[in-house]
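Trainee: give me the fold of what follows.
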Amino acid sequence: QVELLESGGDLVQPGQSLTLSCATSGFTFESYAMSWYRQAPGKERELVAVINHSGRQTNYADSVKGRFTISRDDRSDTVYLQMNNLKPEDTAVYYCGRSWRIDTQIETWGQGTQVTVFA
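Mentor: Below you'll find the model as predicted:
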């Protein structure tokens, strides 16, 4: 059974940092691309960052470039999202997802973790 479990969401002030984790199980982690998406209230879910199966290729939304970093640890089957210089507009539920390749559809989603940035 494929499982993705996000953690690390919190309530923080602007300018602070957070690291989200997505622990996975039930599939061959190193064979899949992994992504972070987010969904703010009243908005559609949007891609934040994606990392390919080898870890050599990453893509970011323009709104987070230079502030967020996606990484993966194939020893622990975990994907991370390091978020620096958080802004109120980063407030959302953050979801991790797995896909066969970096440009294919998400096959499995986690349950999400809430990030709230308030002044």
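
Trainee: which strands or helices does the strand or helix carrying residue 98 pack on?
Mentor: Secondary structure from DSSP states H and E places residue 98 in strand 92-99. Packed against strand 92-99 by the contact rule (3 or more Cβ pairs under 8 Å, 6 or more residues apart in numbering; DSSP states H and E) you find strand 3-7, strand 18-25, strand 33-39, strand 108-109, strand 113-117. C-beta coordinates here come from the backbone N, C-alpha and C atoms, glycine included.

Trainee: now for the ones you listed, which one comes closest to residue 99?
Mentor: Nearest of those to residue 99, taken as Cβ to Cβ: strand 33-39 at 5.0 Å.

Trainee: show the contacting residues for residue 29.
Mentor: 72, 74, 77 (Cβ atoms under 8 Å, 6 or more residues apart in numbering).

Trainee: and if we set it to 6 Å?
Mentor: Listed by Cβ atoms under 6 Å, 6 or more residues apart in numbering, the contact set of residue 29 reads residue 77.
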